[in-house]
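1. Sequence first, predicted model second:
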Amino acid sequence: MKRKRRRRFLVDPSSVACDQDKNERFVARKCGHYLERFLERYPVINDESAIMLHWILGPDIEKVAEYLAEQARDSGADAFEDEDDDYSFSWRYDDYEYADKIMGFVRKLPPKRHPGLVRFIMKVLRQRVSGLKSRAKSDVEKNMAATKHMFKLTDLEAEYCLFHFIMTAWKAPRDFFDCALECKSFAGRRYVKAILKMTTRGFNDILNGTLAKIGLIVSDSGFELNISDDFLDLFQGPSSKAISTRFFSRMTAKSIPLERHMVDREEIDHVLDLLKERPKGSTHILLYGPQGTGKTTFAHGIAQRLGLPGYEIIRGDEKNAGSKRRAAIVACLIMTNMGQGSFILVDEADNLLNTQWAWFFQGETQDKGWLNQLLETPGARMIWIVNRICRIEDSVLRRFAFSIHFKPFNRRQRTLLWGSILSQNRAKRLLAVPQIEELASQYKVSAGAIDLAVKKAKETGHTQKEGFHKAVTLALDSHRVLLNGGDKPRGKDRIEKNYSLEGINVEGDLYAMIGQLEKFDQYLRHSESKEVMNMNLLFYGPPGAGKSELARYIGERLDREVICKRMSDLQSKWVGESEQNIRDTFEQAEAEDAILIIDEADSLLFSRDRAQRSWEISFTNEFLTRMERFKGVLICTTNRLKDLDEASMRRFNHKIGFNYLKPEGNVIFYQKLLSPIIDAPVDEGVKNTLMGIVDLSPGDFKVVRDRFSFYPRKELSHQVLVQALKEESELKVIHKGRKHIGF
């Protein structure tokens with residue numbers, strides 16, 4: 001009979017538990033609790049649980065091995081006996097050979113001994129957990145406590161988050177709880193309830209509670225629950241202060257005075273009255289309007305005037321994910337709205353408030369219930385900023401105590417704004433009135449951008465007019481490029497410097513029409529009547545006849561900015577978006593006191609009798625409706641008068657027909673556009689030749705000028721330029737299918 005030998009189990013001294021840091025010891029302790037609860041409900045030792053046991057117990061796994069050896073001897077069979085003389089091996093955290101050996105022993109153990117083995121393992125687990133306790137808290141514990149406080153989580157919600165974090169961040173727990181037990185899936189929920197000692201009702205409360213509302217825990221289409229990637233780092237930061245800065249920041253920068261904004265004094269005072277005291281209910285203010293109209297600087301000015309601690313919700317990544325911002329608002333309210341309370345600003349809140357068609361346009365579903373509940377949170381004082389309100393539902397809009405529409409500044413308002421900001425910074429003497437007017441015309445930027453450019457120009461030591469003007473211009477140019485994604489914005493589509501009405505061929509009294517426009521312009525500027533009155537003009541005729549150029553000339557004549565749109569600017573592939581683009585365009589023109597030019601209007605006002613798609617009819621209907629409600633000057637141009645919808649014709653106050661130039665008009669435009677690029681004077685022979693060319697338009701002269709303008713002046717001759725004009729005329733004759741009369 002063989003002599004039985006006791007087996008030696010060697011521990012690698014470099015891998016003992018004392019080498020673990022505080023986070024590892026804490027996680028091992030928590031996993032010990034988790035495994036013990038699991039074994040209480042499911043008392044089975046298998047390959048996966050053995051590996052998990054190995055990871056938690058560390059060198060204490062030797063106690064389990066010795067217990068198994070003792071059980072084998074007591075059962076009358078050596079479970080460890082084999083032909084190899086060397087049965088010793090060492091334990092290491094990163095080597096699961098020991099776990100494999102343990103399972104080999106377990107399989108040889110009689111089934112009746114398994115319950116006793118499980119009880120012994122649970123005893124060793126409790127001893128191990130007790131030995132891992134530490135007086136000093138780990139970073140994971142601290143940040144879990146901070147997260148719990150930030151979002152007012154229940155004990156169970158906090159424990160569930162911690163379990164998910166451990167299961168995600170550490171390999172051994174992930175292999176067991178996620179891969180083996182599938183605790184993130186629907187099928188593994190029974191294990192989660194056992195591990196965290198929760199009821200089915202408690203688990204459902206978690207799924208429908210704060211975690212889901214703020215987007216900290218999300219469910220995919222496969223019913224798998226996960227902690228959002230945005231929040232995984234919450235449990236890794238060094239302090240609660242560092243965590244809070246991921247969500248909101250204190251507003252410290254000084255803002256330009258509220259009086260510098262184009263907002264009525266009564267409205268400013270009303271907003272201040274609404275926000276000065278902490279309300280019993282909640283007070284929410286909505287600022288809306290296009291970018292660059294001063295909404296953000298106005299909100300900062302409100303915070304500065306109130307003297308309250310103000311906080312701005314971090315805007316997040318490029319997608320500005322709503323889930324992360326919802327969590328940020330909740331955290332900010334909980335952490336800052338104590339005592340006298342705080343003031344909270346949510347900038348770029350479109351994806352939070354625009355709940356209508358949220359998935360269709362933004363790719364994420366918004367929680368309207370959460371939003372409505374938030375808007376009724378007692379003690380909350382908040383300003384929300386959006387660019388559009390068209391997709392905000394009425395149930396959300398009615399919860400705002402007050403709202404202000406920030407319209408784009410027109411040229412006159414920007415000129416006044418420049419004067420006000422220059423005076424405030426004591427720099428008005430450094431810019432002449434024409435320079436201010438030019439800057440107001442050229443740069444459509446916010447009050448904040450103007451104020452910063454002026455301040456920095458002074459700080460750089462430019463106290464002379466020329467240097468100051470250059471510094472301001474450089475700053476604003478840089479600002480425009482930055483806002484345009486790093487690309488230099490295209491220059492304004494300006495009228496020709498030497499443009500005049502002389503030479504163009506139109507039907508009707510053009511000067512009388514312009515005189516009427518000037519009277520209408522004065523009425524709009526000085527009348528306080530809110531009655532809708534518009535001047536709609538239709539310019540029709542062949543391409544290049546001067547329709548668009550005359551429209552721009554009228555803008556210069558009336559000292560109004562011009563907004564020019566084409567079909568490609570307004571049409572969208574999304575349902576309803578084209579109609580919204582039309583509304584936005586008319587509202588922008590009216591807000592900026594601009595002349596609205598619709599080029600190629602036949603593509604927008606096409607006959608509804610020939611419409612083949614429903615959107616074509618709704619598109620035209622929307623445009624006609626906006627024409628009637630527009631308070632301003634609208635100019636539509638078309639090359640195809642016959643294609644226009646009949647109902648649109650009666651809506652135009654003036655219909656001006658453009659024709660090809662008359663013989664004398666050819667000479668006038670030649671002298672305007674082509675003579676300046678050549679040295680030789682225009683003689684009578686050239687004039688006579690020009691007067692014999694038919695079907696020329698002002699656009700033809702521009703085409704030829706652009707074709708030759710970069711040539712050295714001495715290399716050009718009248719013969720070359722006149723021949724180019726003849727070629728343009730010939731192409732039109734061929735295109736029309738006509739023949740020249742004569743020899």
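-> Great, that's in hand.
2. who's in contact with stretch 125-134?
-> Residues lying outside stretch 125-134 but in contact with it, judged by CB atoms under 8 Å, 6 or more residues apart in numbering, are 17, 22, 25-26, 28-29, 32-33, 35-36, 39, 53, 56-58, 60. All C-beta atoms are positioned from the backbone trio N, CA, C, and that covers glycine.
3. rerun at 6 Å
-> Outside of stretch 125-134, the residues within contact range by CB atoms under 6 Å, 6 or more residues apart in numbering are 25, 28, 29, 32, 36, 57, 60.
4. Can you read off the pLDDT for the second one?
-> The one in question is residue 28. According to the per-residue confidence, residue 28 scores 93 in pLDDT.
5. helix or strand for it, which one?
-> Assigned by DSSP states H and E, residue 28 belongs to helix 22-41.
6. What are the buried residues along the helix or strand following that helix?
-> Using DSSP H and E, the helix or strand that follows helix 22-41 in sequence is helix 47-57. Across helix 47-57, burial judged by 16 or more other CB atoms under 10 Å covers 48, 49, 50, 51, 52, 53, 54, 55, 56, 57.
7. Distance check, the second one against residue 383.
-> When you say that, I think you mean residue 49. 54 Å (CB to CB, to the nearest Å).
8. Also residue 297?
-> The span separating residue 297 from residue 383 equals 12 Å under the rule CB to CB.
9. quick one: common contacting residues for the two?
-> With CB under 6 Å, 6+ apart as the test, residue 297 and residue 383 reach no residue in common.
10. who's more crowded, these two?
-> Of the pair residue 297 and residue 383, residue 383 is the one with more neighbours under other CB atoms under 10 Å, namely 29 against 21.
11. Over to the more buried one. Which of the three states is it?
-> When the structure is reduced to helix, strand and coil (DSSP: H, G, I helix; E, B strand; the rest coil), residue 383 reads as strand.
12. Residue 453 against residue 474, yeah?
-> No. Under the contact definition of CB atoms under 6 Å, residue 453 does not touch residue 474, with a separation of 8.6 Å.
13. For residue 421, give its distance to residue 654.
-> Relative to residue 654, residue 421 is positioned 40 Å away (criterion: CB to CB).
14. When the two are compared, which one has more neighbours?
-> Each of residue 421 and residue 654 had its neighbours counted (other CB under 10 Å), and the higher figure belongs to residue 421 (22 against 16).
15. helices or strands up against the helix or strand harbouring that one?
-> Taking DSSP H and E as the definition, one finds residue 421 inside helix 411-424. Packing partners of helix 411-424 (3 or more CB pairs under 6 Å, 6 or more residues apart in numbering; DSSP states H and E): helix 433-442, helix 447-459.
16. which of those sits most buried?
-> For the helices and strands packed on helix 411-424, the stretch with the most neighbours on average is helix 447-459, a mean of 20; neighbours defined as mean count of other CB atoms under 10 Å.
17. Could I get the CA-only coordinates of it as PDB?
-> Output of helix 447-459 as PDB, limited to C-alpha atoms (Å, rounded to 0.1, in the frame of the first residue of the first chain):
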ATOM      1  CA  ALA A 447     -22.200  92.300 -28.800                       C
ATOM      2  CA  GLY A 448     -19.700  90.100 -26.800                       C
ATOM      3  CA  ALA A 449     -17.500  89.700 -29.800                       C
ATOM      4  CA  ILE A 450     -17.400  93.500 -30.500                       C
ATOM      5  CA  ASP A 451     -16.700  94.200 -26.800                       C
ATOM      6  CA  LEU A 452     -13.900  91.700 -26.600                       C
ATOM      7  CA  ALA A 453     -12.300  93.000 -29.900                       C
ATOM      8  CA  VAL A 454     -12.400  96.600 -28.600                       C
ATOM      9  CA  LYS A 455     -11.000  95.600 -25.100                       C
ATOM     10  CA  LYS A 456      -8.100  93.600 -26.500                       C
ATOM     11  CA  ALA A 457      -7.200  96.200 -29.100                       C
ATOM     12  CA  LYS A 458      -6.800  98.700 -26.200                       C
ATOM     13  CA  GLU A 459      -4.900  96.200 -24.100                       C
END
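18. who touches that helix?
-> By CB under 6 Å, 6+ apart, the surrounding residues in contact with helix 447-459 are 256, 260, 294, 297, 417, 421, 425, 427, 468, 471-472, 475-476, 479.
19. ok, so of those residues, who is nearest residue 570?
-> Set against residue 570, the nearest of these by CB to CB is residue 294 (26.5 Å).
20. ok, how many other residues are close to the closest one?
-> Residue 294 has 24 neighbours, counted by other CB under 10 Å.
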